[in-house]
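Q: sequence and predicted model, in that order:
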Amino acid sequence: MKQLLAQSKWARWMALGIVSFTMMAAYFMTDVMSPLKGMLEKTEGWSSASYGLFTSAYGWFNVFLLMLFFGGLLLDKKGIRFTGTFAAAIMVAGAGVKYMALAGVLPAQGELAGVKSQVLLAAVGYAIFAVGAEVAGITVTKAIVKWFRGHEMALAMGLQVAVARVGTAMALVFSNPLAHHFGGVSHSVLFGLTLLAIGLLTFLIYALLDKKYDRQAGKIATSTEDEFRLSDVKLVLTSYGFWLIALLCVLFYSCVFPFLKYATDLMVNKFCVNEEWAGLIPGLLPFGTILLTPLFGSIYDKKGKGATIMIIGALMLVAVHALFSVPGISSWVYALSLMVALGVAFSLVPSAMWPSVPKIIPEKQLGTAYALIFWVQNIGLMGVPYLIGVVLDRFCKVAPAEGAVSYDYTLPMLIFTAFAVLSVLVAVMLKREDKRRAYGLEKPNASSRR
């Protein structure tokens with residue numbers, strides 16, 4: 001019999017590389033505004049609360065309109081090619097609205113409900129983009145399961161996350177210099193919009209490869225009893241293991257992604273780093289994960305211990321945020337060391353968490369399962385940045401120096417520490433549930449085929 005594409009190493013790694021670029025572009029646009037908080041306050045008149053509101057927009061449509069849930073249903077019903085192309089197009093459209101709001105193409109004068117119109121328009125564009133980004137995320141994850149089940153699945157997921165985080169690193173390192181060089185934050189956003197357009201084209205190339213895969217396989221695995229049904233949602237929602245994964249996801253990522261939104265400002269206010277280059281230190285975090293996430297994923301593939309890996313990562317997260325909250329320390333070397341440690345923690349948990357979901361949930365329900373996990377995650381990604389912005393404005397302002405507002409980040413870092421402590425408790429509960437249900441989270445992935 002002719003060898004299937006998924007059994008060919010070059011084909012499955014090529015498929016991984018293509019979809020990874022699309023996600024890299026998505027991650028860049030997600031974090032392109034993170035280093036620009038100070039510039040937005042100076043040139044556009046934004047406040048910390050305005051910035052927090054804008055950042056929280058990432059979850060508006062995904063959470064309140066259940067767009068992620070419907071995206072998961074669409075993925076399970078219509079498949080990877082249709083859903084991925086649709087999601088990539090939505091990202092381009094949302095990023096376009098965001099760019100036009102910041103560039104002044106859209107009318108953005110005055111206020112609405114006490115909020116600058118420019119902030120609201122940019123937030124709406126960001127919210128539209130977020131729908132596409134999150135649906136693309138679950139689509140790419142399911143694509144990896146499709147191509148790598150029984151092979152190097154955790155390694156593949158780790159590599160995809162690593163490549164995607166190149167986008168985060170690029171945003172943190174280059175967004176501020178780009179904005180200063182060209183004289184406005186919109187230029188950094190325009191660069192991200194260009195990357196997204198290229199990412200849409202690359203996903204269309206993947207769609208051709210995926211179509212050939214299905215034609216070769218003859219869709220043998222898609223018998224009537226294996227087709228997704230709406231009633232399958234109940235099976236996902238009644239899984240205790242699923243909810244533990246979802247809770248771990250929201251708690252863990254609430255300690256990382258919202259932190260990165262404020263990390264550059266933290267470097268300026270607490271560690272006295274020059275504003276233009278303050279993104280370099282948090283920018284090192286994604287670079288560390290580029291190497292470590294695939295490494296830890298490969299260990300999970302070969303040695304197992306997935307639940308243990310998640311516990312270790314969560315414990316490291318507690319230590320890092322607690323140390324960031326210690327007042328009176330302003331050394332950039334101290335900040336750099338903690339950021340490296342955070343990079344290790346940021347690699348450990350995702351490298352084991354995402355490949356563990358197919359051990360708990362059958363493949364025909366994976367799209368819905370990942371969508372629901374991302375939906376829960378988006379609650380944190382929406383609420384926590386806004387919470388931190390409000391806390392900074394109300395409780396953490398320091399007497400202005402030379403007309404510039406500065407902030408004491410002790411209280412926000414303690415909030416992140418509290419979320420990290422809760423993630424440790426959930427990770428321990430997940431390990432206990434794995435022992436009771438025999439999901440196989442502590443077993444190597446190579447021997448866990450369904």
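A: Great, that's in hand.
Q: rest of the way, CA atoms for contacts and neighbours
A: OK.
Q: where's Ala127, which helix or strand?
A: Using DSSP states H and E, Ala127 falls within helix 117-148.
Q: per-residue confidence averaged over that helix?
A: Computed over helix 117-148, the mean pLDDT rounds to 92.
Q: so which bits of that helix are buried?
A: For helix 117-148, burial by neighbour count (16 or more other C-alpha atoms under 10 Å) applies to 117-148.
Q: which elements pack onto that helix?
A: Judged by 3 or more C-alpha pairs under 8 Å, 6 or more residues apart in numbering; DSSP states H and E, the packing partners of helix 117-148 are helix 9-31, helix 48-56, helix 67-78, helix 80-103, helix 153-182, helix 366-395.
Q: quick one, which of those gets closest to Cys255.
A: Of all these, it is helix 366-395 that lies closest to Cys255, at 8.7 Å by C-alpha to C-alpha.
Q: where does pLDDT dip in the stretch 251-400 of the chain?
A: Residues of the stretch 251-400 of the chain meeting the criterion pLDDT under 70: 288, 399-400.
Q: what segments of it are strands?
A: For the stretch 251-400 of the chain, applying DSSP state E, counting those that start in this stretch gives strands covering 397-401.
Q: helices of that one, start to end?
A: Secondary structure of the stretch 251-400 of the chain by DSSP state H, counting those that start in this stretch: the helices cover 257-271, 280-303, 306-324, 332-360, 366-395.
Q: can you put the ones you listed in TSV and add mean neighbour count and distance to Leu196?
A: Putting the helices of the stretch 251-400 of the chain into TSV (neighbours: other C-alpha atoms under 10 Å; distance: least, C-alpha to C-alpha, whole Å) gives the following:
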stretch	mean neighbour count	distance to Leu196
helix 257-271	23	20
helix 280-303	23	19
helix 306-324	23	31
helix 332-360	22	24
helix 366-395	23	21
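Q: out of those helices, which is closest to Ala169?
A: Closest among those, once you apply C-alpha to C-alpha, is helix 280-303, at 4.7 Å.
Q: give me the helices and strands touching the closest one, please.
A: helix 153-182, helix 257-271, helix 332-360.
Q: what is the orientation angle of it with helix 153-182?
A: Using axes from the mean of the first three to the mean of the last three C-alpha atoms, to 10 degrees, the direction of helix 280-303 lies 170 degrees away from that of helix 153-182.
Q: and helix 280-303, how far out from the chain middle?
A: In terms of C-alpha atoms, centre = their mean, to the nearest Å, the centre of helix 280-303 is found 14 Å from the chain centre.
Q: check the gap between Lys146 and Ile80 for me.
A: Distance from Lys146 to Ile80, counting by C-alpha to C-alpha, to the nearest Å: 10 Å.
Q: so which of the helices of the stretch 251-400 of the chain gets nearest Trp10?
A: Among those, the nearest to Trp10 by C-alpha to C-alpha is helix 280-303 (17.8 Å).
Q: what strand or helix carries Ile205?
A: Using DSSP H and E, Ile205 sits in helix 185-217.
Q: elements contacting that helix?
A: For helix 185-217, the packing partners by 3+ C-alpha pairs under 8 Å, 6+ apart come out as helix 9-31, helix 80-103, helix 153-182.
Q: just the angle between the shortest one and helix 185-217, please?
A: This points to helix 9-31. Per the same axes, to 10 degrees, the angle that helix 9-31 makes with helix 185-217 is 150 degrees.
Q: remind me what helix 9-31 packs against, helices and strands.
A: helix 80-103, helix 117-148, helix 153-182, helix 185-217.
Q: the second one now?
A: Using 3+ C-alpha pairs under 8 Å, 6+ apart as the contact criterion, the secondary-structure elements in contact with helix 80-103 are helix 9-31, helix 67-78, helix 117-148, helix 185-217.
Q: can you add distance to Trp243 and give those helices back as CSV?
A: CSV is the format used below for these (distance: least, C-alpha to C-alpha, whole Å):
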stretch, distance to Trp243
helix 9-31, 25
helix 67-78, 15
helix 117-148, 17
helix 185-217, 31
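Q: for Val92, which of the ones you listed is the nearest?
A: Evaluated over these, closeness to Val92 peaks at helix 185-217, with 5.9 Å, by C-alpha to C-alpha.
Q: buried ones in the closest one, by neighbour count?
A: 185-193, 195-204, 206-207, 209-210, 213.
Q: just want the angle from it to helix 80-103.
A: Here the directions of helix 185-217 and helix 80-103 differ by 170 degrees (the same axes, to 10 degrees).
Q: from Leu193, how far out is Val92?
A: Distance, Val92 to Leu193, by C-alpha to C-alpha: 6 Å.
Q: what do you get for Phe21?
A: From Phe21 to Leu193 the distance is 14 Å (C-alpha to C-alpha).
Q: check which helix or strand Val405 maps to.
A: Counting by DSSP H and E, Val405 is part of strand 404-407.
Q: C-alpha coordinates for that strand, PDB please?
A: Listed next in PDB are the C-alpha coordinates belonging to strand 404-407 (Å, rounded to 0.1, in the frame of the first residue of the first chain):
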ATOM      1  CA  ALA A 404       5.400  61.200  34.000                       C
ATOM      2  CA  VAL A 405       3.300  58.800  36.000                       C
ATOM      3  CA  SER A 406       5.100  55.800  37.500                       C
ATOM      4  CA  TYR A 407       3.700  52.700  39.300                       C
END
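Q: and the next helix or strand after that strand, what does it pack onto?
A: Using DSSP H and E, the helix or strand that follows strand 404-407 in sequence is helix 410-437. Judged by 3+ C-alpha pairs under 8 Å, 6+ apart, helix 410-437 is in contact with helix 240-254, helix 306-324, helix 366-395.
Q: take those and lay them out in CSV including distance to Lys42.
A: Putting the helices and strands packed on helix 410-437 into CSV (distance: least, C-alpha to C-alpha, whole Å) gives the following:
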stretch, distance to Lys42
helix 240-254, 27
helix 306-324, 26
helix 366-395, 16
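Q: quick check: buried residues in the strand holding Val405?
A: Judged by neighbour count (16+ other C-alpha under 10 Å), strand 404-407 contains these buried residues: 405-407.
Q: reformat those residues into TSV and put distance to Met67 and pLDDT next to each item.
A: What follows is the buried residues of strand 404-407, written out as TSV (distance: C-alpha to C-alpha, whole Å; pLDDT from 0 to 100):
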residue	distance to Met67	pLDDT
Val405	37	74
Ser406	37	84
Tyr407	35	87
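Q: what is the nearest of the residues you listed to Val344?
A: Closest approach to Val344 among the buried residues of strand 404-407 (C-alpha to C-alpha): Tyr407, at 27.4 Å.
Q: quick check: bridge partners of the closest one?
A: Going by DSSP bridges, Tyr407 is paired in beta bridges with Lys397.
Q: circling back: out of the helices of the stretch 251-400 of the chain, which is closest to Leu172?
A: Proximity to Leu172 (C-alpha to C-alpha) singles out helix 280-303 among those, at 5.0 Å.
Q: that closest one vs helix 332-360, what angle?
A: Using the same axes, to 10 degrees: helix 280-303 against helix 332-360 is 30 degrees.
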